[in-house]
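Undergrad: what's the 3D shape of this:
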Amino acid sequence: MILKWLPIFKDVVLSLAAMTTMYVAIYGLNKWREEHQGKVRFDAAKELLSSICSVRNNFEIVRSGWLDASEFPSEYSSKHPSEKSTKDRADATWHVYKNRLEPLIEAMNSLDTTLIEGEVLWGSEVKEQGRKINASFNRLVRSIKELITEEYRGIDNPRDDVIIRYRQDVSASREAEDELSLQIRSSVKYFEELLEPYIRR
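TA: The predicted structure follows:
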């Protein structure tokens, strides 16, 4: 009697073993996929947040109100103040800001690259915030150029509303509450709040 049921019992055991193996394989595959996706998001979040911090730091350097003597061309610094023409001063100021902008431009290029993967992983809002940072960068560059153009023309009217806005854009402390500073901080805060949870995991 037992011998009669033995093949059936054997088939049941083999079927259960096959089902268990399949379940373990599927569970393992899903677990691996979750871990892989988690690592992809961690790496992407770390890279994107690093790019954002680099952009923020370089914005602060460009917008620092202190223009150190070492930043000016040596031939300009060696001249006596009475020998410096309006053009000399404007050329020297442009020299300072051109050098300050170079690392910011590199940081912006790096950010543009990381934003592509960020948009894939976290959606179109990432792209929109990237546009806002680009708009802040373009506004800063435009204000620098306009302010230096005014310098070339020898115009220095501290009460002119347009000049005041250019100066606020170009020169601001980390805690400044001007429009451009608030725009930059808002974009940085968005990325920090979005990405930090993925980095803490």
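
Undergrad: From here on, just use CA atoms for contacts and neighbour counts.
TA: OK.

Undergrad: Run through the residues that contact the most centrally placed residue in the chain.
TA: Nearest residue to the geometric centre of the chain (CA atoms, centre = their mean): residue 52, 2.3 Å. The contact partners of residue 52, taken as CA atoms under 8 Å, 6 or more residues apart in numbering, are 111, 188, 191.

Undergrad: likewise residue 49?
TA: The contact partners of residue 49, by CA under 8 Å, 6+ apart, come to 191-192, 195.

Undergrad: what is the rounded mean pLDDT of the one helix or strand residue 162 maps to?
TA: Taking DSSP states H and E as the definition, one finds residue 162 inside helix 161-170. Per-region confidence: helix 161-170 scores 88 on mean pLDDT.

Undergrad: follow-up on the earlier one: switch the contacts of residue 52 over to a markdown table; also include neighbour count and pLDDT.
TA: What follows is those, written out as a markdown table (neighbours: other CA atoms under 10 Å; pLDDT from 0 to 100):
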| residue | neighbour count | pLDDT |
| --- | --- | --- |
| 111 | 24 | 96 |
| 188 | 20 | 95 |
| 191 | 18 | 96 |
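
Undergrad: for residue 160, phi and psi?
TA: Dihedral pair for residue 160: phi -70, psi 120, per degrees, to the nearest 10.
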